[in-house]
Structures are given as structure tokens and as C-alpha cells.
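> when you get a sec, could you give me coordinates for this:
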Amino acid sequence: MDIASQLQQEIKSIFNSNGREPKPVLFAKALARALSNSDYNIIPESVHEDYIRFNIPKCMFVEKHSPSLCAIMQGIIAGLAYFCFGYSKIIIARGAEHHPKPCCIDLYIKQTTEAEHRVGVEYSKHSVGILRGDSDAQIIASQRQGRRKLILGLFTDMSLTMRESSSVRVLAEKFISNLSNIPEIRVAALYMRDSESNSLNLEAQFGLPKDIIPSVRAIEGDGITKYGDELFEAVEEFNGWRLEIGKKLSVRSFTSAKIRTKYQVAGVLNIGWKSTYPVSSETREALQASCTLLGVAIEDLMVYSELENAYQSNLIMLNNLVSYVDQFSANHSKRVAGLAKAIADEMNLPREEQEIVHRAGLFHDIGKINIPSTILNKPGRLTSKEFEMVKEHPVAGAKLLAPLPAYLDIVPAILCHHERLDGSGYPGGLTKDDIPMRARIVAAADIYDAMTAKRAYREARDKDEVLREIKEESGTKYDTAVVDALMAAISSGKMESDEDNSELLLQNKFVS
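From the prediction side, this is the model:
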């Protein structure tokens, strides 16, 4: 959301280029160029000596139903025009309600009679304030710096936070961290709604004394409706914990702002200010807009979480379906998962690593969902074409799992569990250190269970015979340390310990 900064740099660059085109043309081109890669598309329709007409066919703020952000964007454009021409007045000639026609704004850059008779937001020496001396200049410069910091910093960080945050808690903490940079704010506390109790729970804060935090962790009951209907309002009550905070931190006034999503009020932001004076319109509008952004981000997280859970549920269903389709590999993935975890335990790998290889074992054959059951259950030898189809299942499995962050740590193991140290494996023919350790562990568990279980094309083989064969290929096809751990795990019987709980562990990890 670094729009204002980009606009300022673009306009400054073009104006300093000493082009022969008129300044209004240069300004219009700079504005369109700076916003060309954003979701706020602005196109100069006509450029005149005294005004410029812009069409806005695409506006992310209208799409998000955020008129306050629209107003801030229009204010940024008009403000930049004022600094370039010494006067500006922005007028909404056609708003978003005229769908499907694009929004249209007229930007006056000269104080003409026509401009005076039209309703809009004006920036002039009269409205901004005439400088009378050095002290005035310093004050106004300080105010401008504060507004720039508030608008640019807050919205830039908010936009980055929206892209990067994986949970409401992370989002809340970064949001409060941004607010802590506003000098006028002494203390801020963000409360989010608990869907079950409907109470408001403290999610993030700055400035609260440690001894007060326990008493303000939650607002019991229907804590949202008590704040009234306004999005942003002053809090008249100055008692209880507010009075205590006021005394300790010299807080002179409090305000509250609602955090709205499309369908509900998701939370409340409480702010304690240094001054008793009303909050300035710039600060008020910026905070309203930032709360709107936060609501949009929370809603996006909720939608993504629902989609992610649905996708995970489908993956679990597909993984189970593989076992049903492949009649001779029922519970194969569960046994591989249990054995892989036991191998990792014998290798003294951290508990987290043991859980990762366990999950990789559960999903290692999910890519077989693309293979016809006639091939999976074929009693005879596979043709070369059929085997090539089977060899695609590691890639197919990796592609199924890769879109979800929760699965990224097991994707390499899924992709490489048929690779061999000597390069004879598939799909990539990787060798030695190019094969991840997690894949080596799953590979050993997989080959042991596959060889000792009954298949459509052969009977189950003797376990001791299989172990001898794997041991002979230790260091050639299979990792030596992994093979040693495999033999120790089988000897101790560890691979049987959690087979019955595999499905439950899977559900708890990904669906909850």
C-alpha cells in the first residue's frame, strides 16, 4: 500500500525531467504510471489547463466496500496535485453506484469559477493555512510528517501484514505494533470475538501495565453491542481500569473502534490518547480505514481457513480412497507411517522430525489416486507403459499437497520416496545427498512393508529374507544409518505401536 510514496517519487521524477509537455499532462501521466501495477486503475480521460478528468475502471476499495479508503486515496491524489500546482479540488463526477460505468473524478488544478461552484474537497492556501513564519512552517511540516507517517506507514505495514499473516493472532500483533508508532497513542488493546461465548478476548496490546492485564483479558457477555452503532466513537466512561490506566500512563481520553467483517463485528480496538482534545479528522479517518483493512484481512483468513480445511478433508478422503482402490495395500500407508516414525526414533531425531516423517508416511502414496485400479490390482507383471504411469505417483502426490502450507514440510519426502542413492530411483534419478533424509526414511519403511505384504502379483515374502536383501543394498540404494535404524525398530517392535491411532493423529493435525 505504498501508493502515496510511489506517486510522489514518480511525479517528482517526471517534473524534474524538464519535459516539454504541459505540467497537467505530466502530472496525469505520472499518476497513471505509478498506479498501473496496482488494483487502483486510474486513466486520464481528458487533460485541460485548469482540470483533469480521470476514469477509475477498477478500484480495490470499492470492491472491498470501503468508502473511507476511497476517500483517503482521493485525498492523496488531491494533496499531491496541491503540492504540484498550489491548488486542487477533487470532485466525484460519477461514483461507484453507477455500476457498471467506472468511477469518474474531476481534479481541478486552478481556482476557476467553475471549480468554486462544484461540491468537492479543496486544497488551497486558504484551506490548508497561510505560512506566516519559521515556527508556522515547522508546525505544518511536523503535521504533514505525522500524517504521512500515519497514512503511508500504517497502510503499507497493514498491506504487508495482510499478505504475510497466517493467523488472526499474528495479524492482531502486527496491527497493534503499527499503532504503537503513532505518537498520540499512549495505549492500545485489540479484542477479538470468541465465537462460542460471544465475549471479547484480548488478542494484542501495547502500553498496558502488567498488573492491569489480568483484569482486562476479557470483556464478558455481549461486549460488542455496548459500544454503540458507530464504527469509531469516544468512550464517556472513565472509571474502573480506564481510570487506573489514566492515572498510571497520563491517558486523557479513550476511543473505541469496531473491527467489522462482512457479516459481523469481529472485535473492538480500544485506544488511550495523550490528549483530551478530539482526535483529528486525519487520524480518525486513517484509523477507521485501518480497522476496515483489518476486518477485510480477518475475513480473508477465515475464508482461506475454511477452504484449507475443506481441501485437507478432501486429501484425507483421497488418501483413504487409495487404500480402498488398491485391494492389496490396505493399511499400507499407516504401517509405513508407524515404521518411519520408529526409524526416526531409533536415529534419535527430534520429536518434531519423527512427527513429520510419520505424516509423510501417511500420505506417501496419495498420488496413486490417478492410477487406474486395474493397474494397481493387476496380478501379472506391468507393461513398460503401465510402470511409467505408476512412476508418476510421487509427482502427483507432491502436486496435491504443495498448495497448503501445512503440508510443505512433507512434500519433499513424498516426491523423493522412490529415489535411490545410486540414482536408480524415480522420478528424478537423484543420488546421495540430493535425496532428503525424510525421503530416505520413508523409502526404507515403504520398501520393507511392500516386500513383506501380499501383493496382487506375489505372496508376502519372509521378513528376515527381506531384511537381508535391504541390508545388502545398504549404502548402495538405501542410507546405511536408516537401514540400521530400520532393523533395530523391527527388532524392538516399535512400528506396531501407533498404527491404530494414525487416522486420529492425521485428523487432529490437519483438520482442527
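
> if you count neighbours, what's buried in stretch 199-216?
Across stretch 199-216, burial judged by 16 or more other Cβ atoms under 10 Å covers 200, 202-208, 212, 216. Placement of C-beta: from N, CA and C, glycine included.

> in strands only, show me those.
If you go by DSSP state E, the buried residues of stretch 199-216 have 200, 202-206 in strands.

> tabulate the residues you listed (CSV), appending pLDDT and distance to V268.
As requested, those are exported to CSV (pLDDT from 0 to 100; distance: Cβ to Cβ, whole Å):
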residue, pLDDT, distance to V268
L200, 84, 6
L202, 89, 10
E203, 87, 10
A204, 89, 12
Q205, 89, 12
F206, 87, 16
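
> pick out the most distant pair among these.
L200 and F206 (17.4 Å; Cβ to Cβ).

> excluding chain neighbours, give the residue nearest to A115 in space.
Nearest non-adjacent residue to A115, counting by Cβ to Cβ, 6 or more residues apart in numbering: Y108, 4.0 Å away.

> which residue ranges of the stretch 51-200 of the chain form strands?
Secondary structure of the stretch 51-200 of the chain by DSSP state E, counting those that start in this stretch: the strands cover 51-59, 88-94, 103-108, 121-123, 185-193, 200-206.

> looking at these, which has the lowest confidence?
Ranked on mean pLDDT, the bottom entry among the strands of the stretch 51-200 of the chain is strand 121-123, at a mean of 74.

> any idea how far that one is from the middle of the chain?
Distance of strand 121-123 from its chain centroid, counting by Cα atoms, centre = their mean, to the nearest Å, is 37 Å.

> again, but for stretch 46-58
Distance of stretch 46-58 from the chain centroid (Cα atoms, centre = their mean) equals 35 Å.

> what's the answer for stretch 408-415, then?
Stretch 408-415 sits 21 Å away from the centroid of its parent chain (Cα atoms, centre = their mean).

> now stretch 382-393
39 Å.

> dump that stretch to PDB, keeping only the CA atoms.
The C-alpha coordinates for stretch 382-393 follow below in PDB (Å, rounded to 0.1, in the frame of the first residue of the first chain):
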ATOM      1  CA  LEU A 382       3.200 -54.500 -15.500                       C
ATOM      2  CA  THR A 383       4.000 -53.400 -19.000                       C
ATOM      3  CA  SER A 384       6.500 -50.700 -19.500                       C
ATOM      4  CA  LYS A 385       3.700 -48.200 -20.200                       C
ATOM      5  CA  GLU A 386       1.900 -49.200 -17.100                       C
ATOM      6  CA  PHE A 387       5.000 -48.900 -15.000                       C
ATOM      7  CA  GLU A 388       5.700 -45.400 -16.400                       C
ATOM      8  CA  MET A 389       2.200 -44.500 -15.200                       C
ATOM      9  CA  VAL A 390       2.900 -45.900 -11.700                       C
ATOM     10  CA  LYS A 391       6.200 -43.900 -11.600                       C
ATOM     11  CA  GLU A 392       4.200 -40.700 -11.800                       C
ATOM     12  CA  HIS A 393       2.600 -41.100  -8.400                       C
END
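
> quick one: contacts of that stretch?
Contact with stretch 382-393 is made by 365, 367-368, 370-371, 375, 378, 418, 426-427, as judged by Cβ atoms under 8 Å, 6 or more residues apart in numbering.

> which of the residues in it are buried?
Buried residues in stretch 382-393, counting neighbours by 16+ other Cβ under 10 Å, are found at 386, 390, 393.

> could you give the mean pLDDT of it?
The average of the pLDDT scores along stretch 382-393 is 90.

> take the ones in strands among the buried residues of stretch 199-216 and write them to JSON lines, including distance to G79.
Converted to JSON lines, those look like this (distance: Cβ to Cβ, whole Å):
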{"residue": "L200", "distance to G79": "36"}
{"residue": "L202", "distance to G79": "37"}
{"residue": "E203", "distance to G79": "34"}
{"residue": "A204", "distance to G79": "31"}
{"residue": "Q205", "distance to G79": "33"}
{"residue": "F206", "distance to G79": "29"}
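
> elements contacting the strand or helix carrying K334?
Using DSSP states H and E, the element containing K334 is helix 332-346. Contacting helix 332-346 under the criterion 3 or more Cβ pairs under 8 Å, 6 or more residues apart in numbering; DSSP states H and E are the following elements: helix 281-325, helix 351-363, helix 437-452, helix 480-492, helix 502-510.

> tilt between it and helix 437-452?
Helix 332-346 and helix 437-452 are oriented at 130 degrees to each other (axes from the mean of the first three to the mean of the last three Cα atoms, to 10 degrees).

> so helix 332-346 versus helix 351-363, what angle?
160 degrees.

> just the closest of the ones in strands among the buried residues of stretch 199-216 to I316, please.
So of those, ranked by how close each gets to I316 (Cβ to Cβ), first place is E203, at 30.3 Å.

> wait, that closest one sits on M192?
Yes. Using Cβ atoms under 8 Å, E203 is in contact with M192, at 4.5 Å.

> okay, I410: pLDDT?
pLDDT, I410: 91.

> make a markdown table out of the strands of the stretch 51-200 of the chain and add distance to L26.
What follows is the strands of the stretch 51-200 of the chain, written out as a markdown table (distance: least, Cβ to Cβ, whole Å):
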| stretch | distance to L26 |
| --- | --- |
| strand 51-59 | 11 |
| strand 88-94 | 15 |
| strand 103-108 | 14 |
| strand 121-123 | 19 |
| strand 185-193 | 39 |
| strand 200-206 | 43 |
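
> about what we covered before: would you list the contacts of stretch 382-393 in JSON lines and tack on pLDDT and secondary structure?
Formatted as JSON lines, these follow (pLDDT from 0 to 100; DSSP: H, G, I helix; E, B strand; the rest coil):
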{"residue": "D365", "pLDDT": "88", "secondary structure": "coil"}
{"residue": "G367", "pLDDT": "87", "secondary structure": "helix"}
{"residue": "K368", "pLDDT": "87", "secondary structure": "helix"}
{"residue": "N370", "pLDDT": "82", "secondary structure": "helix"}
{"residue": "I371", "pLDDT": "85", "secondary structure": "coil"}
{"residue": "I375", "pLDDT": "83", "secondary structure": "helix"}
{"residue": "K378", "pLDDT": "81", "secondary structure": "coil"}
{"residue": "H418", "pLDDT": "94", "secondary structure": "coil"}
{"residue": "Y426", "pLDDT": "92", "secondary structure": "coil"}
{"residue": "P427", "pLDDT": "93", "secondary structure": "coil"}
